[in-house]
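Asker: no sequence on hand, only this structure:
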């Protein structure tokens, strides 16, 4: 996939808000998706929405995180996980990195509720982060066969995602 993304993070008294938009090509189809993530002061996402299109397919997703996991608003379904991963964007890797705040050399495993960009369904995605340096992590998602390095800015936002994404500008 090639494309562009813009993301802003807004600090709030009770956490943060991420607002972003991605335009890319998947297969031969143009795509544009805007998204928002409401985050608690403990870096747990509470609400996620995605709007836009991939080719002629309209995408409109709303998820809420409650005490026992993620639910699709108005559609039912439930996934008993804390983290969320927007499969088309590196933005949500910020959440476990900030929340877990583990030392250099340590490895943590987590499972995220993953928005699979192939069918837009929420699925469990096992993830492993190993902190290599203050702003560098070895990252694996074995369920989808990904292994690479993620580097982040000092605020935790992703700077590069090996083989998939890199920032070209930052404020």
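Answerer: That came through, no problem. All values derive from a computational prediction rather than experimental measurement.
Asker: and residue 126, how many neighbours?
Answerer: Residue 126 is flanked by 14 other residues according to other C-beta atoms under 10 Å. C-beta here means a position set from N, CA and C on the backbone, and glycine is covered the same way.
Asker: that one touches residue 109, doesn't it?
Answerer: Yes. Using C-beta atoms under 8 Å, residue 126 is in contact with residue 109, at 7.0 Å.
Asker: name the helix or strand of this protein that has the lowest mean pLDDT.
Answerer: Least confident helix or strand, the chain: strand 76-79 with a mean of 74, by mean pLDDT, DSSP states H and E.
Asker: what's the straight distance from one end of stretch 81-90 to the other?
Answerer: Criterion C-alpha to C-alpha, to the nearest Å; first-to-last residue distance in stretch 81-90 is 18 Å.
Asker: average pLDDT for that stretch?
Answerer: Per-region confidence: stretch 81-90 scores 91 on mean pLDDT.
Asker: so for stretch 28-48, what gets flagged as buried?
Answerer: Neighbour-count burial for stretch 28-48 flags 31, 33, 35, 37, 38, 39, 43, 44, 45, 47, 48 (criterion: 16 or more other C-beta atoms under 10 Å).
Asker: ok, the helix or strand where residue 62 lies: who's next to it in the sheet?
Answerer: Following DSSP states H and E, one finds residue 62 within strand 57-66. Strand 57-66 has its sheet partners listed here by DSSP bridges as strand 45-54 (antiparallel), strand 69-72 (antiparallel).
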